[in-house]
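1. 3D, please:
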Amino acid sequence: QVQLVESGGGLVQAGGSLRLSCVASGRTFVSYRMGWFRQAPGKEREFVAAINWNGISTYYGESVKDRFTISRDNAKNTVNLQMNSLKPEDTAVYYCAATTQNTIRVPDYDYWGQGAQVTVSS
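-> Residues are numbered from 1 along each chain as shown. Sure, this is the predicted structure:
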């Protein structure tokens, strides 16, 4: 079992930055690919970014590529999402998730955090 807790959400103006963090507890953090997903009201949950266990391989959704950066610190059981040049369409609840598979598909992630609200005003 893995418990995930996000922090760092909030309200920011368009063009601003936010940094989300997710702390994991439970089973060995290094065993998991970590991902960030988001869900806006009335929309399906979508992939944002993922990072492999070693922190070397990263993956991004098209809408956030070149603006968001995912990173992890295995010594601290933490994964971060640095979000720059934020847009109103980035407004959503952001979720941290963990999987043992090489995937970016929502159904393949086994553990989820409670979510952090990010609101970008225009």
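2. Could I get the average pLDDT for the helix or strand hosting F37?
-> In this structure, F37 is located in strand 33-39 according to DSSP states H and E. With pLDDT averaged residue by residue, strand 33-39 scores 98.
3. Pull the CA coordinates from that strand and hand them back as CSV.
-> Output in CSV follows, covering the C-alpha atoms of strand 33-39 (Å, rounded to 0.1, in the frame of the first residue of the first chain):
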residue,chain,number,x,y,z
ARG,A,33,6.7,5.3,-11.8
MET,A,34,5.1,8.5,-10.5
GLY,A,35,2.6,10.6,-12.4
TRP,A,36,0.6,13.8,-12.2
PHE,A,37,-2.9,14.0,-13.6
ARG,A,38,-5.6,16.7,-13.6
GLN,A,39,-9.3,16.9,-13.8
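4. Parallel or antiparallel, which strands does that strand pair with?
-> Paired strands of strand 33-39, with direction, are strand 46-51 (antiparallel), strand 92-99 (antiparallel) (DSSP bridges).
5. between those, which one is nearest to G61?
-> strand 46-51 (5.0 Å; Cβ to Cβ). C-beta: built from backbone N, CA, C; applies to glycine.
6. Tell me which residue lies nearest the centroid of the chain.
-> Relative to the mean C-alpha position of the chain, the nearest C-alpha, by Cα atoms, centre = their mean, is the one of W36, at 2.2 Å.
7. With adjacent residues omitted, what lies nearest to that residue?
-> Take W36 and drop its neighbours on the chain: the residue closest to it by Cβ to Cβ, 6 or more residues apart in numbering is V48, 4.3 Å away.
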